[in-house]
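Chemist: dropping the sequence and predicted coords here.
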Amino acid sequence: MSGDIIERQSKVQDYLKRTPFAEFLGLRCEILGDEMTAVLPFDEKLIGNQTIRALHGGATGAFLELTALAQLFLISEVPRLAKPINLTIDYLRQARAEDLFARAVVTKEGRRIANVHAEAWQAERARPVATLTAHFLLSDDG
């Protein structure tokens, strides 16, 4: 890994450590080239339905939100946590008891608001288990 990638990855991990829930989930980010992939390592505490061994929807949704925030931080280096204005999460299929991966794209970053889209998958990226569309407040300035 080049020095720049290691530095960027370290900055993102430090940013996520400021969020206690990211620490609780065990979220980590890996950067390869210009793309960041977030990883939610499987843990029994993330199971929401023991009968079908599915990840809890809240864990999946929080993972997507944190992925979006990490991507926003990575491209804009927002000096503080951006504040969510609204989030829409579409749960497309069951998230099984295994690692979950996600990527986010900042579709628009304005002076005050950013629009971000993220998707999470497991075995195949082409078959996402959930997607997120979110708007974040970047500045309280009028």
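Modeler: Right, received. Where do you want to start?

Chemist: ranges for the helices of the chain?
Modeler: 3-17, 20-25, 57-76 (DSSP state H).

Chemist: report the buried residues of the last one.
Modeler: By neighbour count with 16 or more other C-beta atoms under 10 Å, helix 57-76 contains the buried residues 59-74. For every residue, glycine as well, the C-beta is placed using N, CA and C.

Chemist: run the angle between that helix and helix 3-17 for me.
Modeler: 140 degrees (axes from the mean of the first three to the mean of the last three C-alpha atoms, to 10 degrees).

Chemist: quick one: helix 57-76 to chain centroid distance?
Modeler: Distance, stretch centre to chain centre, for helix 57-76: 2 Å (C-alpha atoms, centre = their mean, to the nearest Å).

Chemist: and stretch 107-127, by the same measure?
Modeler: 8 Å.

Chemist: pull up the distance across it, start to finish.
Modeler: 21 Å (C-alpha to C-alpha, to the nearest Å).

Chemist: show residues contacting it.
Modeler: 40, 60, 63-64, 67-68, 71-72, 75-76, 82, 85, 93, 95-96, 98-106, 128-139, 141 (C-beta atoms under 8 Å, 6 or more residues apart in numbering).

Chemist: next: stretch 31-48.
Modeler: So stretch 31-48 is contacted by 5, 8-9, 12, 25-30, 53-59, 63, 66-67, 70-71, 74, 97-104, 120 (C-beta under 8 Å, 6+ apart).

Chemist: where does the chain dip in pLDDT?
Modeler: 1-3, 77-80, 140-142 (pLDDT under 70).

Chemist: residue closest to the middle of it?
Modeler: Geometric centre of the chain, nearest residue: Thr67, 1.3 Å, by C-alpha atoms, centre = their mean.

Chemist: ok, it - contacts?
Modeler: By C-beta under 8 Å, 6+ apart, the contact list for Thr67 reads 27, 29, 38, 102-104, 118, 120, 132.

Chemist: of those residues - the most surrounded one?
Modeler: Ala102 (30 neighbours; other C-beta atoms under 10 Å).

Chemist: how close does that one get to His135?
Modeler: Applying C-beta to C-beta, to the nearest Å, the value for Ala102 to His135 is 18 Å.
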